[in-house]
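Asker: everything below, folded, please.
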Amino acid sequence: MRRTIGIASSILNRSRDLARREHVTLRALVEEGLELVLAERQTRRKAPIKPVTFRGRGLSPQFQRASWARIRDASYERCGA
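Answerer: Residues are numbered from 1 along each chain as shown. Take a look at the predicted model:
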């Protein structure tokens, strides 16, 4: 399948030189590069998210049995919301 893509001149020139030295086509070189990038990104793991904790004793008594909506509303009470 033919596609047209824009490549920076400096990268294209270096790629052509490399393809010539290695006796491969520019197409083969581009496909190999794309395969490498796709494989690397597919296997890249996301950094685990560490839970944020504070050295408290949980929710204050007024919020221990409160709904999330109540807790959220209380957090905005002084903001004029």
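Asker: switch to C-alpha atoms for all contacts and neighbour counts from now on
Answerer: Fine.
Asker: tell me which element Ala28 is part of?
Answerer: Assigned by DSSP states H and E, Ala28 falls within helix 26-43.
Asker: who touches stretch 49-62?
Answerer: Applying C-alpha atoms under 8 Å, 6 or more residues apart in numbering, stretch 49-62 has no contact partners.
Asker: for the helix or strand harbouring Asp17, output the C-alpha coordinates as PDB.
Answerer: Using DSSP H and E, Asp17 falls within helix 9-22. Only the C-alpha atoms of helix 9-22 are listed here, as PDB (Å, rounded to 0.1, in the frame of the first residue of the first chain):
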ATOM      1  CA  SER A   9      15.200  16.500   5.300                       C
ATOM      2  CA  SER A  10      17.900  15.700   7.800                       C
ATOM      3  CA  ILE A  11      16.300  12.400   8.900                       C
ATOM      4  CA  LEU A  12      15.500  11.400   5.300                       C
ATOM      5  CA  ASN A  13      19.100  12.100   4.200                       C
ATOM      6  CA  ARG A  14      20.600  10.100   7.100                       C
ATOM      7  CA  SER A  15      18.100   7.300   6.400                       C
ATOM      8  CA  ARG A  16      19.000   7.100   2.700                       C
ATOM      9  CA  ASP A  17      22.700   7.000   3.600                       C
ATOM     10  CA  LEU A  18      22.100   4.200   6.100                       C
ATOM     11  CA  ALA A  19      19.900   2.200   3.700                       C
ATOM     12  CA  ARG A  20      22.600   2.600   1.000                       C
ATOM     13  CA  ARG A  21      25.400   1.400   3.400                       C
ATOM     14  CA  GLU A  22      23.300  -1.600   4.500                       C
END
